[in-house]
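Trainee: Test case, fold it:
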Amino acid sequence: MAPSFDDDSSLFNFVVRDGNGVKGMVDLGLSKVPEAYMQPTKERIDKENARKHGQPPIDLSRLDGPDHDEVAKEIVRAAETLGFFQVVNHGVPVDLLESLKDTAHNFFSLPPERKAVYRTEVSPTPLVKYGTSFVPDKEKALEWKDYISMQYTNDAEALEHWPIEIRDVALDFLRTSINTVRKLLEVLLRNLGMKPEDSKIDALIHKKMVNMNFYPTCPNPDLTIGVGRHSDMGILTVLLQDEIGGLYVKIEEDTDFGKKGEWIEIPPIPDALVINVGDMLQILSNGRYKSAEHRVGTTSTKSRVSIPIFTIPKPTEKIAPLPQLVEKDGIALYREFVLADYMNNFFGNAHDGKKSLDFAKIDSA
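Mentor: Below you'll find the model as predicted:
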């Protein structure tokens, strides 16, 4: 039964509980955004005045030649300032990137009942979750996004449990992207004075998740957000965004490309992948690397997709700033904790900037 767009409870049940998602609501025909999706003024994105990030992408093929040290400095500088950068010649085939975007659009065009079988309450596997928004039960205003999230354990389980419509292309993306993550982590860890052994990198990126995000067209994009202000909780995120764009990053400290507190857009670059630092890497580096606060806008012209890969340490891993950095800095900015506890806190609360880091922050007062 179609919901009443003016009845928040009816709409919530239709979109969230029944698994129709934002797409199901939009497909019914909308002339205006329902109140449940209207963001407070301070959370809306000022797209007109947001500047575009003009830094050229980093060419990762140069890491393997005489320019290695120069490229390594570019990677470190990006991680220490904005926490976001784009890379080309990353080793993921361009035709795979195009196939990923097409596959995501095709999946979210499936009938609602095909996607809804993966809702958390009924999913046949804990490895796959289909949903909408982030934590709908705790959000003051819902996010204009549907998603499918796939946890990776091994190839066999992925082939068995991931949705058949997307599993092969998603698995190819994960396999090829992890090599990129390893290269970047080697550079970033070496800069911290750590010898990046394979076993340590394996522990830091033990848990991997591939998401496909879908942002349907929105009748009033200025009133809504696709994803609210947040930082990613893992080590590094690899993101494929389509040509529509809509990704905005907050500048944490005054830099060449803007002042502290400003939001800048990360414009789509053909064949590029977006890389961003997660909370765990900020903590390990004792604050040197910045887990970037970011958010996503909506558009009225065309539905948008994005496909991120999240790399996260083992849930049982103890996380703390590297001892050599604490010794050098004379202070630890974060306490030691078990990752699973951080994850429970992160996924148990609505998006609220970088507040998730407070879980581990040591109060200097």
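
Trainee: so who does residue 294 touch?
Mentor: Residues in contact with residue 294 (Cβ atoms under 8 Å, 6 or more residues apart in numbering) are 84, 227, 229, 230, 231, 247, 248, 249, 250, 266, 276. In short, each C-beta sits where N, CA and C put it, glycine included.

Trainee: let's see it at 7 Å
Mentor: Residues counted as contacts of residue 294 (Cβ atoms under 7 Å, 6 or more residues apart in numbering) are 247, 248, 249, 250, 276.

Trainee: want to throw those into a markdown table with distance to residue 11?
Mentor: Below are those laid out as a markdown table (distance: Cβ to Cβ, whole Å):
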| residue | distance to residue 11 |
| --- | --- |
| 247 | 27 |
| 248 | 27 |
| 249 | 31 |
| 250 | 30 |
| 276 | 32 |
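
Trainee: Which of the residues you listed fall within strands?
Mentor: The strands, defined by DSSP state E, take in 247, 248, 249, 250, 276 from the contacts of residue 294.

Trainee: Any chance of these in TSV with neighbour count, pLDDT and distance to residue 16 as columns?
Mentor: Output for these, formatted as TSV (neighbours: other Cβ atoms under 10 Å; pLDDT from 0 to 100; distance: Cβ to Cβ, whole Å):
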residue	neighbour count	pLDDT	distance to residue 16
247	23	94	24
248	22	92	25
249	23	92	28
250	22	90	28
276	26	96	27
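
Trainee: List the contacts of the longest helix seen in the chain.
Mentor: For the chain, the helix with the greatest residue count under DSSP state H is helix 167-191. Outside helix 167-191, the residues that touch it by Cβ under 7 Å, 6+ apart are 60, 63, 72, 75-76, 79, 90-92, 96, 99-100, 103, 150, 152, 155, 158-159, 162, 196, 201, 204-205, 208, 210, 236, 238, 275, 289, 307, 309, 311.

Trainee: go with 6 Å
Mentor: 72, 75-76, 79, 90-92, 96, 99-100, 103, 152, 158, 196, 201, 210, 236, 238, 309, 311 (Cβ atoms under 6 Å, 6 or more residues apart in numbering).

Trainee: CA-only coordinates of the helix or strand following that helix, as CSV, when you get a sec.
Mentor: Per DSSP states H and E, the first helix or strand lying C-terminal to helix 167-191 is helix 198-204. Provided in CSV are the C-alpha atoms of helix 198-204 (Å, rounded to 0.1, in the frame of the first residue of the first chain):
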residue,chain,number,x,y,z
ASP,A,198,52.7,-7.6,5.1
SER,A,199,51.3,-9.2,8.3
LYS,A,200,50.8,-5.8,9.9
ILE,A,201,49.0,-4.5,6.8
ASP,A,202,46.9,-7.6,6.7
ALA,A,203,45.8,-7.0,10.3
LEU,A,204,45.0,-3.3,9.6
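
Trainee: and helix 198-204, what's its mean pLDDT?
Mentor: Mean pLDDT, computed over helix 198-204, is 86.

Trainee: what's that helix in contact with?
Mentor: Identification of contacts with helix 198-204 by Cβ under 6 Å, 6+ apart yields 182, 185, 235, 313, 314, 317.

Trainee: For the second one, the count of nearby residues, please.
Mentor: A count of nearby residues for residue 185, using other Cβ atoms under 10 Å, gives 20.

Trainee: so how far is residue 311 from it?
Mentor: According to Cβ to Cβ, to the nearest Å, residue 185 and residue 311 sit 8 Å apart.

Trainee: all helices for the stretch 1-150 of the chain, in order.
Mentor: Ranges of helices in the stretch 1-150 of the chain, per DSSP state H, counting those that start in this stretch, are 8-12, 21-27, 68-80, 94-108, 112-116.

Trainee: and those helices, which one's lowest on average pLDDT?
Mentor: If you rank the helices of the stretch 1-150 of the chain by mean pLDDT, helix 8-12 sits at the bottom with a mean of 82.

Trainee: next one: that one to chain centre, how far?
Mentor: Relative to the centre of its chain, helix 8-12 is centred 27 Å away, using Cα atoms, centre = their mean, to the nearest Å.

Trainee: swap in stretch 243-257?
Mentor: On the basis of Cα atoms, centre = their mean, stretch 243-257 is displaced by 14 Å from the centre of the chain it belongs to.

Trainee: That one: which residues count as buried?
Mentor: Of all the residues in stretch 243-257, those buried under the rule 16 or more other Cβ atoms under 10 Å are 245, 246, 247, 248, 249, 250, 251, 252.

Trainee: and if you look at stretch 83-99?
Mentor: Of the residues in stretch 83-99, 83, 84, 85, 86, 87, 88, 90, 92, 96, 97 count as buried by neighbour count, 16+ other Cβ under 10 Å.

Trainee: just those residues now: which is nearest residue 339?
Mentor: Minimum distance to residue 339 across these is 19.6 Å, recorded for residue 83 (Cβ to Cβ).
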